[in-house]
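K.L.:
Return atomic coordinates for the entry below.
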Amino acid sequence: TRAEDGHPRFLLKGGAYLGQQLPIAAGRLPSDLDILVPRIHIADAQARLCKAGWAETEMDAHDQRYYHEWSHEVPPMQHPIHGLELDLHHNILPPVARTHVDADLLLARLRPSAWPGWWVFDPADQVLHSAAHLFLDAEPRERVRDLVDLDGLMRHFGTTQPEFWAELPQRARQLGLSEPLALACHFVRLWLATP
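P.N.:
Here you go, the predicted structure:
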């Protein structure tokens, strides 16, 4: 599970869908790429990215402090050649959020992606991350795409992973994400007729 830099690297959200070649990735044109490394490796990963030409976007001291003290990611990074913004995470929710997720529990259940050296979360954890992002870490009125992603993830994993539906609520309880899962299920069922 370790890349050549000595620590595991994970694709999140849209990058994970592309890296697994999921049906919901077809035609997707991402504007950013979300990746995750364990928190103890975040400074090393950031230094390696800077050495490769990535740089933090300019921001004032207040925003810098927010990212370094209260966020679950470092400031967004950009590269002069690549058109994507890179978001380097160490968890899926901010450490100061009302709901705390133990990143070690997520990192304990890995799956390889189709991209060499990159891993993704377990299917249930991918759904729970999407639900947590939508209902705990974003402005819901601007996140209809997240509901569509949830529908696509549930439809795909619900038919390709035999234990998916039985495992999903159990895993939500273990991670403390039962509320966002319940909201996600309610809205995908109501708006998108997710089976």
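K.L.:
Only C-alpha atoms from now on, for both contacts and neighbour counts.
P.N.:
Fine.
K.L.:
what is the mean pLDDT for the top helix by length along the chain?
P.N.:
Longest among the helix segments of the chain by residue count, using DSSP state H, is helix 144-160. If you average the pLDDT over helix 144-160, you get 95.
K.L.:
next structured bit after it?
P.N.:
Later in the chain than helix 144-160, the nearest helix or strand by DSSP states H and E is helix 164-175.
K.L.:
what about stretch 81-88, distance to the chain center?
P.N.:
With CA atoms, centre = their mean, to the nearest Å as the basis, stretch 81-88 stands 15 Å off its chain's centre.
K.L.:
same deal with stretch 13-27?
P.N.:
12 Å.
K.L.:
same question, stretch 29-39
P.N.:
With CA atoms, centre = their mean as the basis, stretch 29-39 stands 7 Å off its chain's centre.
K.L.:
Need the distance between the two termini of it.
P.N.:
Start-to-end span of stretch 29-39 (CA to CA, to the nearest Å) is 28 Å.
K.L.:
Report the buried residues of it.
P.N.:
The neighbour-count check on stretch 29-39 (16 or more other CA atoms under 10 Å) flags 32-39 as buried.
K.L.:
now stretch 170-184
P.N.:
The neighbour-count check on stretch 170-184 (16+ other CA under 10 Å) flags 171-172, 175-181, 184 as buried.
K.L.:
got the contact list for that stretch?
P.N.:
99-102, 105, 124-125, 128, 131-132, 134-136, 147, 150, 169 (CA atoms under 8 Å, 6 or more residues apart in numbering).
K.L.:
Sort out which of those residues are in helices and list them.
P.N.:
The helices, defined by DSSP H, take in 105, 124-125, 128, 131-132, 134-136, 147, 150, 169 from the contacts of stretch 170-184.
K.L.:
Most neighbours among those, which one?
P.N.:
Within the ones in helices among the contacts of stretch 170-184, residue 150 tops the neighbour count with 27 neighbours, counted by other CA atoms under 10 Å.
K.L.:
Can you name the residues that contact it?
P.N.:
Residue 150 touches 127, 130-131, 184, 188, counting by CA under 8 Å, 6+ apart.
K.L.:
Which residue ranges of this protein form helices?
P.N.:
13-20, 42-51, 61-65, 103-107, 123-136, 144-160, 164-175, 178-192.
K.L.:
worst-scoring helix or strand of this protein, pLDDT-wise?
P.N.:
Confidence across the helices and strands of the chain bottoms out at helix 61-65, with a mean of 89, counting by mean pLDDT, DSSP states H and E.
K.L.:
Which positions within that helix qualify as buried?
P.N.:
Buried residues in helix 61-65, counting neighbours by 16+ other CA under 10 Å, are found at residue 64.
K.L.:
what residue ranges in this protein are flagged as low confidence?
P.N.:
1-6, 140-142 (pLDDT under 70).
K.L.:
Can you pull out the residues in contact with stretch 52-61?
P.N.:
Against stretch 52-61 from outside (CA under 8 Å, 6+ apart): 49, 75-80.
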